[in-house]
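J.: Just the structure for this:
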Amino acid sequence: MKFISIVCIILFFIAIVSSKTEKPNNFENCIITQKAIGNWEQDGQIITQYSINILNNSSKIIESVKISTDYTLCLRDMDSIWNIILLPNGDLILPTGTNSIDSYSSHTFYFIIFGIEKVNLTIKSITYS
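T.: Numbers count the residues shown, from 1 in each chain. Got it, this is the predicted structure:
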């Protein structure tokens, strides 16, 4: 009986801890998709162009969005990314003139990278109106 009581207490504490834990980057109403739209060989290296879509699947307007990247964003050159702003720290933000994404709308940007693997893109923050 003592064993069952101890197990119940442990399960109770696990339930409390689990209920207070939130998923990081829980931006379920904003979806990023990537699509390779072409690749070719240039100077002995494979180059791929991607189309990236940020979908606002919410009834609110996105005023700003910040997307983090990592080493997988290996641009062919600094002119190989457009319709988005690449910050010095590697984050991506909406370009001037497109500083919002309407509800149930999207924003598309493009880049050309070395290789064929998809780039790791993670929503870092969103501001809704």
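
J.: the strands in this structure, which residues?
T.: Counting by DSSP state E, the chain forms strands over residues 30-42, 45-56, 62-68, 81-82, 85-86, 92-93, 106-114, 122-128, given from the N-terminal end onward.

J.: Reformat those strands as a markdown table; add mean neighbour count and mean pLDDT.
T.: (Each C-beta comes from the backbone N, C-alpha and C, glycine too.) As requested, the strands of the chain are exported to a markdown table (neighbours: other C-beta atoms under 10 Å; pLDDT from 0 to 100):
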| stretch | mean neighbour count | mean pLDDT |
| --- | --- | --- |
| strand 30-42 | 13 | 95 |
| strand 45-56 | 17 | 96 |
| strand 62-68 | 18 | 94 |
| strand 81-82 | 16 | 96 |
| strand 85-86 | 16 | 96 |
| strand 92-93 | 20 | 96 |
| strand 106-114 | 18 | 97 |
| strand 122-128 | 16 | 93 |
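
J.: okay if I get these as a markdown table plus distance to residue 75?
T.: Formatted as a markdown table, the entries for the strands of the chain read as follows, by distance: least, C-beta to C-beta, whole Å:
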| stretch | distance to residue 75 |
| --- | --- |
| strand 30-42 | 13 |
| strand 45-56 | 10 |
| strand 62-68 | 15 |
| strand 81-82 | 6 |
| strand 85-86 | 8 |
| strand 92-93 | 12 |
| strand 106-114 | 6 |
| strand 122-128 | 18 |
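
J.: quick one: residue 104 and residue 62 touch, right?
T.: No: between residue 104 and residue 62 there is no contact under C-beta atoms under 8 Å: 10.9 Å.
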